[in-house]
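Participant: Okay, structure incoming, though there's no sequence with it:
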DNA sequence: CAGAATCCCATTCGATACTG
DNA sequence: CAGTATCGAATGGGATTCTG
């Protein structure tokens, strides 16, 4: 019944997140022990739409070093958030993916994003990984406005050889995201995103599609009329003073 | 249109959270710049139910040092999450409170908590601040089960002289929490919590109230039958393997 | 009580180089 | 490709002291 008063170093460093912890039974505190270290939650975000390899993660998060990436993955694995699987044997590689419980982190990540986007200080002109772009769509969808819409979309983000392709299916105010595979049926429209910022300007800035296409960072093919209707249902949450 | 490639130190250290940032337009990344530092999010949590003074915060989070508390409060203020107000003049003191935008962080904090509580590794026997205890109630309420219930409650947590007293009103599946003031009308029942763990054992462990009261960490007065019905609507989210 | 200022050690980070 | 090893530099945080 005694409560620990002073922070003592745990015997097993893999159990106690940072090596330093809060000693707090509150779930939020425990969540921060699990994913509160720098980069951790962004790694979870990157895995939310499917498993990735070491080098995929480095590409998505260019500012993380190999050392820190290795550490974080190991800790997330120890925490039960991430699992790893051997691929191959044709080409031996490892795939990192979320555990079932790890996948349950999505609502928290979306809520954090929704909150932060309301800050007047948020700078939307920074770079954005392909996964982040897709998840931001889910974050900013106006469910009421999307309720009446139905569409299947394909996104191709960045150079074709890097293979960041996704499908999105909008039904009944739900946006279902997944990595695309080649057997996917033809979508209603396809969005090719060269520069994420161009896409953001189209969706949130309501800028003219033709002009953006002329600049070369964005192209939409297929049912463009439907696409415009769909993207009209997305908007950044209102800023708060 | 150029994206910053390398991390350069910002001119204004108060703008760029940790001094090190992600350079990522994703809302989640930005959220972690704002509240991802150690202790920050727990401070927001402590302020969620009303403004607190410096010493209140130290008491609620005994493991934080004055230096770190000062730093974090300053940074949260610079980030627009927290504001400070002069109290007095009878006794000059400062009150820290969330800004309007800061208050919008609650859903994210609750979702983080909900997620973390599902980890099999979570240890509920650690200590819990009064605010954390109240918020955990909101986290773990089963809205469906609570839908038909209606009750007004008063919580007195810890020694009477420390004044951690709250009201909770359950209506239509909503649990409204607030700090109590003396003008509050009489509640349906009052819960006195000496040892947070005793309360957790009653609510989540479904342990016998009489036995816990005998141990001395918990006492419920007023409409105890209603209290039992109400607390039956709270349960820890199911663990995930 | 609220917080600024110092001191100082432990940890962490990023860069580079290296390996199976 | 998927990491490990090593090292110097930066940062973080606890303890203590001082001030309004």
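Facilitator: Yep, that arrived. What you see is a predicted model, and the numbers here were worked out from it, not measured in a lab. Residues are numbered from 1 along each chain as shown, chains lettered A, B, ... in the order given.
Participant: Just give me how far the longest helix along chain A sits from the chain centre.
Facilitator: Longest helix of chain A, by residue count under DSSP state H: helix A:66-78. Distance, stretch centre to chain centre, for helix A:66-78: 18 Å (C-alpha atoms, centre = their mean, to the nearest Å).
Participant: quick check, that helix touching chain B?
Facilitator: No: figure legend: helix A:66-78 not in contact with chain B (C-beta under 8 Å from any C-beta of the partner chain); closest approach 9.5 Å. (C-beta placed from N, C-alpha, C; glycine too.)
Participant: helices or strands up against that helix?
Facilitator: Packing contacts for helix A:66-78, counted by 3 or more C-beta pairs under 8 Å, 6 or more residues apart in numbering or on different chains; DSSP states H and E, involve helix A:40-47, helix A:54-60, strand A:82-87.
Participant: and the first one with strand A:82-87, angle?
Facilitator: If I follow you right, that is helix A:40-47. 40 degrees (axes from the mean of the first three to the mean of the last three C-alpha atoms, to 10 degrees).
Participant: starting at the chain centroid, how far to helix A:40-47?
Facilitator: Centroid separation for helix A:40-47 versus its chain: 7 Å, with C-alpha atoms, centre = their mean.
Participant: now check it, is it near DNA strand D?
Facilitator: No: residues of helix A:40-47 contacting DNA strand D under C-beta under 7 Å from any atom of the strand: none, with a closest distance of 12.4 Å.
Participant: For that helix, name the packing helices and strands.
Facilitator: helix A:27-35, helix A:54-60, helix A:66-78, strand A:82-87, strand A:93-98, helix A:106-116, helix A:130-140, helix B:27-35.
Participant: Which one of the ones you listed has the poorest average confidence?
Facilitator: Note on the helices and strands packed on helix A:40-47: strand A:82-87 shows the lowest mean pLDDT, a mean of 88.
Participant: Next, count neighbours for residue A:23.
Facilitator: Neighbourhood size, residue A:23 [other C-beta atoms under 10 Å in any protein chain shown]: 20.
Participant: and the gap between it and residue A:169?
Facilitator: As for residue A:23, its distance to residue A:169 is 44 Å (criterion: C-beta to C-beta, to the nearest Å).
Participant: tell me which element residue A:169 is part of?
Facilitator: Residue A:169 is located in strand A:164-171, with elements delineated by DSSP states H and E.
Participant: Just want the angle from whichever helix or strand comes after that strand to strand A:164-171.
Facilitator: Sequence order places strand A:174-179 as the next helix or strand after strand A:164-171, per DSSP H and E. Counting by the same axes, to 10 degrees, strand A:174-179 lies at 160 degrees to strand A:164-171.
Participant: Sheet partners, orientation included, of the helix or strand bottoming out on mean pLDDT in chain A?
Facilitator: Least confident helix or strand, chain A: strand A:82-87 with a mean of 88, by mean pLDDT, DSSP states H and E. Strand A:82-87 pairs in its sheet with strand A:93-98 (antiparallel), by DSSP bridges.
Participant: in the strand it pairs with, what counts as buried?
Facilitator: Using 16 or more other C-beta atoms under 10 Å in any protein chain shown as the burial criterion, the residues of strand A:93-98 that qualify are A:95, A:96, A:98.
Participant: same question, stretch A:152-171
Facilitator: By neighbour count on 16+ other C-beta under 10 Å, the buried set for stretch A:152-171 is A:152-158, A:164-168, A:170.
Participant: Of all these, the one with the weakest confidence?
Facilitator: Confidence by pLDDT is poorest for residue A:158 among the buried residues of stretch A:152-171, given 91.
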